[in-house]
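Colleague: mind folding the following:
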Amino acid sequence: MTQPRLLGDRYELDGVVGRGGMAEVYRARDLRLDRIVAIKTLRTDLARDQTFQARFRREAQSAASLNNPSIVAVYDTGEDLSSGVPVPFIVMEYVDGRTVRDLLIEGHRLLPERTLEIVLGVLRALEYSHQAGIVHRDIKPGNVMVTRNGDIKVMDFGIARAMSDAQATMTQTAQVIGTAQYLSPEQARGERVDARSDLYSTGCLMYELLTGRPPFTGDSPVAIAYQHVRENPIPPSRLDPSLPPWADSIVLKAMAKSPNDRYQSAAEMAADIQRAASGMQVAASMQPPTRAENYYDYQQRTQHMGPQTMMGAAPTTVSPYQTGGFQTGYQQPYPYGDGGYNGNGEPEKQGGGRRWIPWLIAGLVAVAAIVVAVILLQGHGGGNTFVPTGLNGETQSQAVSDLTAAGLKADVIQQVSADTVKGHVIRTDPAGGDSIAKNGTVKVYVSTGAGTIKIPDVTKLSQQDAENQLKNAGFTNVQTQTDDQSTLPTGEVDHTQPVPGTPIPSDQQITLFVSGGSVKVPDVISGGLTQSEAQTVLNGDGFNNIHFIVIAAQNGQMVEPGTCYFQNPTAGTVKPTSTLITVYVQPAQTSTPTPSTSTTPTTSTSPTTTPTDTATATPTDTATATPTDTGSTPPGPGNNG
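Modeller: This is a model prediction of the structure:
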């Protein structure tokens, strides 16, 4: 009977339960604590390589510092000296379950609700690791475990880095670190990464759980990395119209090319996941691709860029998915290791005698990194390039230098900002990571600090255009008032307070005085207009609130009967069209006394003629003429001009 292999005089190995690109995982018993554990050992053929040893030890250090139910726990580390070469090993929590990769390979299509549960578990793990200052950098289905109880656990921090270390680029010894199908654009470009890179990879994971396929597939790691950098994924709902609306919104936000456009933390993304699970409106807004051809023309535009044509290498199949559905002939039988996939994302064939595979993998990844760099530097693909990321917050000179190095021009625009240090970049247009024509111009908005800026002249602009111009200049406190005295068309800015050209702080109030549509009162008394004619003239200029008073002119005025002889307000004054206009009209006809005589009897000695009736001229309206602006009776005709 074969004696069980013993590690560190403590751990009794019980057989291999998983293999990955650089390690083997055993089920074992901890003789000291009498419990089942999992032990991950570096392959003997790789133990002599200092690079692999360093990565393996880094995984142990990273994972050991994290104590969270959503992360596979690390209990112990050590070295096995039985082969004559120190082989490091990690003692981990034994998880009774399967990887998400296992479920996908078997063709399982998860319900959207279960997808939310899995992704939420991943985000809980990332929130904890990010708070501890550690970026995972390799989130993928093979590194996510589902226990028999349905719990989610994240494992394999083999390429994780402290965030303070993550300022270094992702290209080390010509290798791009990570798995091609889940690389963030900044990883593929070999740039600095932070926690938001993990959220992009989580978006890729969620995409695959919802649709049954990764967001990008191709003939080589290079082809896939190219798509992560330049192409927009097909919205999940295009592949499965039955998916709920939140599927596109959450996935596409998490997978935004620019880190600034993604969720800014695992907690923020988890909050949206919880809103979706509760049937609430998610905070993310879907951002569909701007070019429809991104969906369909990738194969035609990239079929000549693979390593087989550029570097002479043989083609490498990355995705296990083929047209028509999942491959189900291969099933990963083990719940541990690097997900049962080699460094290129292929299912790894079990069996010995193939120790050259890791070296082939390393060579292919190195070739991929070189080709990606050539593509980015030469602007391969339609004469376009990308706006460098990380410009926001840089000094003006740094940003301009970075753009120049990328073959782009800078259009520097000064803008007041209380939130950005003076002389540093507030934002760029296009944003970092966006595609732009080679030799194109990028607008760089540089902070002038919280100082003053001159008010631009916005008179005679519409209210909306004036407000937009002021806000673009950096002003944040713009108010409006109606100006009833303005003769400009309704809605146009008559003047501002303070006046244009005045330097003020960006948060000081600027008042726009907007024309309310006032016009000059027309003259209806100089031309001998009748009441009806006067009303027609006033109505034509927009005045509809008119009061006519028919009364005889006073003070001996000679006025043609039936004509207008006084108005208030006077002609030529500027008034809103709602103003009351009062007009005095001379009566059309007046009555004069008509005496009649009568003859008395002849017996009278002094006959007298006495009128039998007296006619009195009575105006048709007894109202007293009291103009509102003068407080006196209407003046004579000579004063009406």
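
Colleague: report the beta-bridge partners for residue 7.
Modeller: residue 11 (DSSP bridges).

Colleague: where in the chain is the helix or strand with the lowest mean pLDDT?
Modeller: Lowest by mean pLDDT, DSSP states H and E among the helices and strands of the chain is helix 307-310, with a mean of 31.

Colleague: ok, now how distant is the residue most central in space within the chain from residue 284?
Modeller: The chain has residue 261 as the residue nearest its centroid, 5.7 Å off, counting by CA atoms, centre = their mean. Counting by CB to CB, to the nearest Å, the gap from residue 261 to residue 284 is 10 Å. C-beta here means a position set from N, CA and C on the backbone, and glycine is covered the same way.

Colleague: residues contacting stretch 113-132, please?
Modeller: Residues from elsewhere that reach stretch 113-132, judged by CB atoms under 8 Å, 6 or more residues apart in numbering: 65-66, 68, 70-71, 100, 110, 135-136, 139, 144, 146, 150-154, 157, 160, 163, 195, 198-199, 202, 205-206, 209-210, 265-267, 269-270, 273-274, 276-277.

Colleague: for residue 217, helix, strand, or coil?
Modeller: coil (DSSP: H, G, I helix; E, B strand; the rest coil).

Colleague: neighbours of it, just the number please.
Modeller: Residue 217 sits with 21 neighbouring residues when counted by other CB atoms under 10 Å.

Colleague: check it and give its pLDDT.
Modeller: Here, the pLDDT recorded for residue 217 equals 88.

Colleague: so how far is residue 276 from residue 109?
Modeller: 18 Å.

Colleague: these two - which one has more neighbours?
Modeller: Between residue 109 and residue 276, counted using other CB under 10 Å, residue 276 has the larger neighbour count: 24 against 14.

Colleague: name the SS class of that one, please.
Modeller: With three-state DSSP as the basis, the three-state label of residue 276 is helix.

Colleague: need the nearest residue in space to it, chain neighbours excluded.
Modeller: residue 246 (4.0 Å; CB to CB, 6 or more residues apart in numbering).

Colleague: was I right to think the one you found contacts residue 283?
Modeller: No - if you go by CB atoms under 8 Å, residue 246 and residue 283 don't touch, sitting 10.2 Å apart.

Colleague: intersection of neighbour lists for these two?
Modeller: By CB under 8 Å, 6+ apart, the residues touching both residue 246 and residue 283 are 272, 275.

Colleague: out of the two, which sits in the more crowded spot?
Modeller: residue 246 (21 against 14).

Colleague: what residues are up against the more buried one?
Modeller: 272, 275-276, 282, 284.

Colleague: and for residue 488?
Modeller: Residue 488 sits in contact with 460, 494, 515, where contact means CB under 8 Å, 6+ apart.

Colleague: export these as TSV, with columns for neighbour count, pLDDT and distance to residue 224.
Modeller: Output for these, formatted as TSV (neighbours: other CB atoms under 10 Å; pLDDT from 0 to 100; distance: CB to CB, whole Å):
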residue	neighbour count	pLDDT	distance to residue 224
460	14	91	55
494	19	90	60
515	21	86	59
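
Colleague: now, these that are in strands?
Modeller: Judged by DSSP state E, the subset of the contacts of residue 488 located in strands is 494, 515.

Colleague: adding distance to residue 429, write the contacts of residue 488 out as CSV.
Modeller: What follows is the contacts of residue 488, written out as CSV (distance: CB to CB, whole Å):
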residue, distance to residue 429
460, 28
494, 32
515, 33
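
Colleague: sort out which one of the contacts of residue 488 lies nearest residue 255 for me.
Modeller: Nearest to residue 255 out of the contacts of residue 488 is residue 460 (CB to CB; 45.8 Å).

Colleague: contact partners for the closest one?
Modeller: Contacts of residue 460 (CB under 8 Å, 6+ apart): 488, 492-493.

Colleague: then residue 491?
Modeller: Counting by CB under 8 Å, 6+ apart, residue 491 touches 462-463, 514-515.

Colleague: show the buried residues in the residues you listed.
Modeller: Among the contacts of residue 491, the ones that count as buried by 16 or more other CB atoms under 10 Å are 463, 514-515.

Colleague: out of the contacts of residue 488, which is nearest to residue 397?
Modeller: Checking the contacts of residue 488 against residue 397 with CB to CB, the nearest one is residue 460 at 39.0 Å.

Colleague: so how far is residue 512 from the closest one?
Modeller: In terms of CB to CB, residue 460 sits 12 Å off from residue 512.

Colleague: shared neighbours of the two, anything?
Modeller: residue 493.

Colleague: show me where pLDDT drops low in the stretch 201-350 of the chain?
Modeller: Of all residues in the stretch 201-350 of the chain, those with pLDDT under 70 make up the ranges 285-350.

Colleague: still on that earlier bit, and the contacts of residue 246 as JSON lines, adding distance to residue 12?
Modeller: Formatted as JSON lines, the contacts of residue 246 follow (distance: CB to CB, whole Å):
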{"residue": "272", "distance to residue 12": "46"}
{"residue": "275", "distance to residue 12": "48"}
{"residue": "276", "distance to residue 12": "46"}
{"residue": "282", "distance to residue 12": "49"}
{"residue": "284", "distance to residue 12": "50"}
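
Colleague: which one (most neighbours) among these?
Modeller: Counting by other CB under 10 Å, residue 276 has the largest number of neighbours within the contacts of residue 246, with 24 neighbours.

Colleague: surely that residue meets residue 248?
Modeller: No - under the criterion of CB under 8 Å, residue 276 is not in contact with residue 248, lying 11.3 Å apart.

Colleague: can you pull the phi/psi pair for residue 35?
Modeller: Phi and psi for residue 35, reported as degrees, to the nearest 10, are phi -140, psi 160.

Colleague: which one is it nearest to, not counting chain neighbours?
Modeller: Residue 35 sits nearest to residue 29 (CB to CB, 6+ apart), 7.3 Å away.
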